[in-house]
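Participant: Predicted structure and sequence below. I'll ask about it afterward.
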Amino acid sequence: MELDCSAVLTDVWLMLDGECDDATRARLQHHMDHCSPCIEAYGLEEKLKRLLSRKCGGDRAPESLRERLTLEIRQAVTITETRVEPER
């Protein structure tokens, strides 16, 4: 199954947090192995996660907040691609 970039970027935090299953992780990794914009975005998110971890001392958000934020992120992440067709 081929993933588009918006699906990958929506689930990148699940992958970073180790909260996705092996099949999902493999699909995401396969996409990122062939998509430099997604691997770059993954790297930025990974750096942000490390920074937050250092600054927040490992505090864990309540599960209800985590679920609400995950839903909000999934609804907000959208990638738009515009293609210009050559004139004939």
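Facilitator: Happy to help now that I have it.
Participant: Glu46 contacts Leu16, correct?
Facilitator: Yes. At 6.0 Å, Glu46 counts as touching Leu16 under the criterion of C-beta atoms under 8 Å. Placement of C-beta: from N, CA and C, glycine included.
Participant: Please name every helix or strand in contact with the strand or helix carrying Leu52.
Facilitator: If you go by DSSP states H and E, Leu52 is part of helix 36-56. The contact analysis (3 or more C-beta pairs under 8 Å, 6 or more residues apart in numbering; DSSP states H and E) places helix 36-56 against helix 5-16, helix 22-33.
Participant: Those helices: which one's closest to Leu65?
Facilitator: Between Leu65 and the helices and strands packed on helix 36-56, the shortest gap by C-beta to C-beta is with helix 5-16, which sits at 13.7 Å.
Participant: Excluding its own residues, what touches that closest one? List them.
Facilitator: 20, 24-25, 28-29, 31-32, 35, 37-38, 41-42, 45-46, 49, 70, 73-74, 77-79 (C-beta atoms under 8 Å, 6 or more residues apart in numbering).
Participant: and if you look at stretch 28-46?
Facilitator: With C-beta under 8 Å, 6+ apart, stretch 28-46 has contacts from Glu2, Leu3, Cys5, Val8, Leu9, Asp11, Val12, Trp13, Met15, Leu16, Cys20.
Participant: Spatially central residue for this structure, please.
Facilitator: Most central in the chain under C-alpha atoms, centre = their mean is Val12, positioned 2.4 Å from the mean C-alpha point.
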